[in-house]
Structure formats: structure tokens, C-alpha cells
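# build me a model from this:
(one chain, ligands or ions: 3)
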Amino acid sequence: MLLSRLNDGPEIFFTLQGEGVSAGMPAVFVRSSLCNLHCQWCDTDHTWNFEGTPWKHEKDADPGYRKHKKSEVTIETPTTEIVRLVAMHPCRRVVLTGGEPLLQQEAWLEVITGLREIDPAYQFEVETNGTRKPTPEFRAAVNQFNVSPKLANSGMDAKLRLVPETLAGFVADPKAWFKFVAVEDADMDEILTFSREFSVPPERILVMPEGRTSTDLDRHAPAVAARCLLHGWRFCDRLHVRLWGDKRGV
Ligand SMILES: Nc1nc2[nH]cc(C(=O)O)c2c(=O)[nH]1
Ligand code: SF4
Ligand SMILES: [Mg+2]
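Ligands and ions are numbered 1, 2, ... in the order given. Below you'll find the model as predicted:
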């Protein structure tokens with residue numbers, strides 16, 4: 001399957017889950033390449049902002065920023081090799097992320113099956129933007145979906161970032177949690193509208209302050225905390241940003 005490349009190999013790393021209901025738990029992350037969206041602030045733009053694509057990114061303003069050469073930021077990796085690399089770590093929690101991991105469900109199923117043959121105790125979380133429907137087999141194999149629907153601040157058209165039928169499927173699935181990044185009150189108004197439109201109970205909504213540094217997280221946290229108290233949402237920090245900053249492979 002097509003994974004994101006980090007240095008000479010696929011982007012597979014052992015760290016603490018930094019976001020969501022499993023925040024703080026050790027986990028092996030596997031980052032797939034490719035995304036069906038192209039959010040303007042995406043922090044994993046190396047999974048989709050390839051040379052020759054028309055997408056705009058916030059970092060375009062940075063004079064040193066260039067679109068990525070696909071061959072330099074991706075690596076085709078056999079699923080048996082992914083199984084081998086993940087199993088080297090002393091950890092039975094695996095996070096499938098991207099990009100958008102649901103674009104490669106069949107290959108992920110081979111990875112999941114291979115790892116559970118080694119140890120049935122393996123647990124799998126999926127980080128998804130919530131626009132692609134899991135197949136019944138994939139849904140059954142995964143333990144937890146961290147669904148992160150995108151807001152207007154992503155720059156994406158609402159028709160692309162909110163797919164009602166797919167979202168309804170996640171709302172109906174007790175394995176799914178809904179996770180948002182918020183900066184200002186307008187973002188939180190939008191989360192409230194979303195929760196009403198798609199009937200998501202507040203206990204399944206997590207809101208994180210936006211930030212690529214602890215200082216930014218601290219600046220945005222009070223407004224997020226206030227709205228969590230008001231609406232019954234769970235406040236969620238971004239632990240990896242606090243511990244390691246805006247780095248890859250952590
Ligand atoms: N530590 C850590 N936690 C994370 N939770 C979600 C991540 C992601 O990029 O999907 C992520 C990540 O990249 N690192
Ligand atoms: S959905 Fe996620 S990975 Fe895809 S562009 Fe948006 S933030 Fe990046
Ligand atoms: Mg990340």
C-alpha cells in the first residue's frame with residue numbers, strides 16, 4: 001500500500017497517542033499517503049500536496065515552501081512488510097492515519113489480519129476525516145474511529161467535507177468519536193450546528209484547541225474550555241505538540 005515516507009522508510013513510529021479519547025496511550029502510528037481533501041492548514045500536506053496538483057496551502061506564503069515530489073514523500077510498502085515493522089514495537093495499540101486512511105481499506109485489512117495472527121490482542125484506531133464509508137469488514141475489524149470532520153476554516157467546500165450518509169453511519173456506530181480543532185467562537189458555533197444536524201450526543205464530541213506550539217495551545221484553550229463546559233463536550237489537548245512540538249514522526 002502507499003505509505004507516507006519518512007527519511008528512507010515508511011512513516012511508522014511509536015509514540016503516545018496525542019489526541020482523542022485514547023490520548024496518553026502508547027501506540028504505533030502508521031501514516032498512509034493520499035487524501036481526498038486538501039485542507040489549507042493541513043499539517044500532513046506531504047500526503048497529498050504533490051507537484052502538479054492545483055491545491056492551495058497556508059504554507060504557500062512561506063518563501064521556502066514547495067509542493068512535494070510524490071516519489072520523495074511516498075513509499076509503496078507491501079502489507080507483510082508493514083506487519084513486520086509494526087510488530088517490532090512492544091505495543092498492541094496501532095493508529096492508522098494519513099492522509100485519509102479509508103482510501104486504502106483493503107490493504108489495511110491485510111495489515112490488521114496479519115497483526116492479529118501474531119497476537120489477537122492488537123487494537124486498531126483509525127483517524128479519518130469522516131467522508132469515506134468503511135466497508136462492513138473494515139468496520140468490524142477496527143476498534144475505534146476518531147472521526148474528525150472538517151469545518152469551514154479548512155477552505156473545503158461543504159459538499160466535499162460533510163457527506164451526510166457517511167456521517168450518519170459513524171453516528172450510528174458506538175466505536176466512533178467526533179474530534180474537532182477549534183480556534184474561535186465561530187468554529188464552536190459550527191461544531192454545535194454540526195452536532196444538532198447529525199444528532200451527535202455531546203459526550204461523543206471532543207474539541208481541541210488549535211496550535212503547533214504549547215504557546216498557541218495555551219492561547220486557544222480557555223475559549224475551548226468555556227464552550228466545553230457550556231455544551232457538555234470533552235476538552236482535549238494535543239499532547240504530542242506539548243511534548244515534542246511541530247515535528248514529524250512523533
Ligand atoms: N502523537 C501523535 N498523536 C496523534 N494523533 C493523531 C495524529 C495524526 O497525525 O493523525 C497524531 C500524531 O501524528 N502524533
Ligand atoms: S482531511 Fe486531514 S489529512 Fe486530509 S487534507 Fe484535511 S487535515 Fe490534511
Ligand atoms: Mg499529526
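# where do the helices of this structure begin and end?
70-73, 79-87, 105-118, 136-141, 158-161, 164-171, 185-197, 214-231, 239-244 (DSSP state H).
# quick one: which of those is nearest ligand 2?
Nearest to ligand 2 among the helices of the chain is helix 158-161 (7.9 Å), distances taken as C-beta to the nearest ligand atom. Using the backbone N, CA and C atoms, a C-beta is placed for each residue, glycine as well.
# show me the contact partners of the closest one.
36-37, 129, 131, 149-152, 154 (C-beta atoms under 8 Å, 6 or more residues apart in numbering).
# next: stretch 79-96.
1, 3, 9-10, 12, 14, 17, 22, 25-30, 32, 107-108, 110-111, 114-115, 118-119, 121-127, 142.
# what subset of those is buried?
Buried members of those, counted by 16 or more other C-beta atoms under 10 Å: 1, 3, 10, 12, 17, 22, 27-30, 32, 107-108, 111, 114-115, 122-127, 142.
# before we move on, back to that, Asp187: which of the contacts of helix 158-161 is nearest?
Checking the contacts of helix 158-161 against Asp187 with C-beta to C-beta, the nearest one is Leu151 at 5.6 Å.
# tally of neighbours for the closest one?
24 (other C-beta atoms under 10 Å).
# cool, and Val200?
21.
# tell me the contacts of it?
171, 178, 194.
# and if you look at Gly114?
Gly114 touches 79-80, 82-83, counting by C-beta under 8 Å, 6+ apart.
# hey, what's the residue nearest to Gly9 when sequence neighbours are not counted bridged with?
Nearest residue to Gly9, sequence neighbours excluded (C-beta to C-beta, 6 or more residues apart in numbering): Ile75, at 6.9 Å. Beta-bridge partners recorded for Ile75 (DSSP bridges): Leu3.
# enumerate the residues of this structure near ligand 1.
15-19, 29, 97, 127, 240, 250 (C-beta under 6 Å from any ligand atom).
# what's around Ile112, how many residues?
22.
# phi and psi next, for the residue of the chain most remote from its centre.
No residue in the chain sits farther from the centre than Pro63, which is 27.3 Å out by C-alpha atoms, centre = their mean. Note on Pro63: backbone dihedrals following degrees, to the nearest 10 are phi -60, psi -30.
# which residues does the closest residue to Trp48 other than its chain neighbours contact?
Nearest residue to Trp48, sequence neighbours excluded (C-beta to C-beta, 6+ apart): Cys35, at 4.2 Å. By C-beta under 8 Å, 6+ apart, Cys35 lies in contact with 42, 44, 47-48, 98-100, 103, 129.
# 10 Å instead, please
For Cys35, the contacting residues are 42, 44-45, 47-49, 55, 98-101, 103, 129, 131, by C-beta atoms under 10 Å, 6 or more residues apart in numbering.
# quick one: terminal-to-terminal distance for stretch 1-14?
For stretch 1-14, the first-to-last residue distance is 20 Å (C-alpha to C-alpha, to the nearest Å).
# kindly report the same for stretch 237-250.
15 Å.
# which residues are contacting that stretch?
The contact list for stretch 237-250 (C-beta under 10 Å, 6+ apart) reads 4, 6-7, 11-20, 23-24, 29, 31, 43-44, 46, 181, 208-214, 216-218, 221, 224.
# brilliant, that's me finished.
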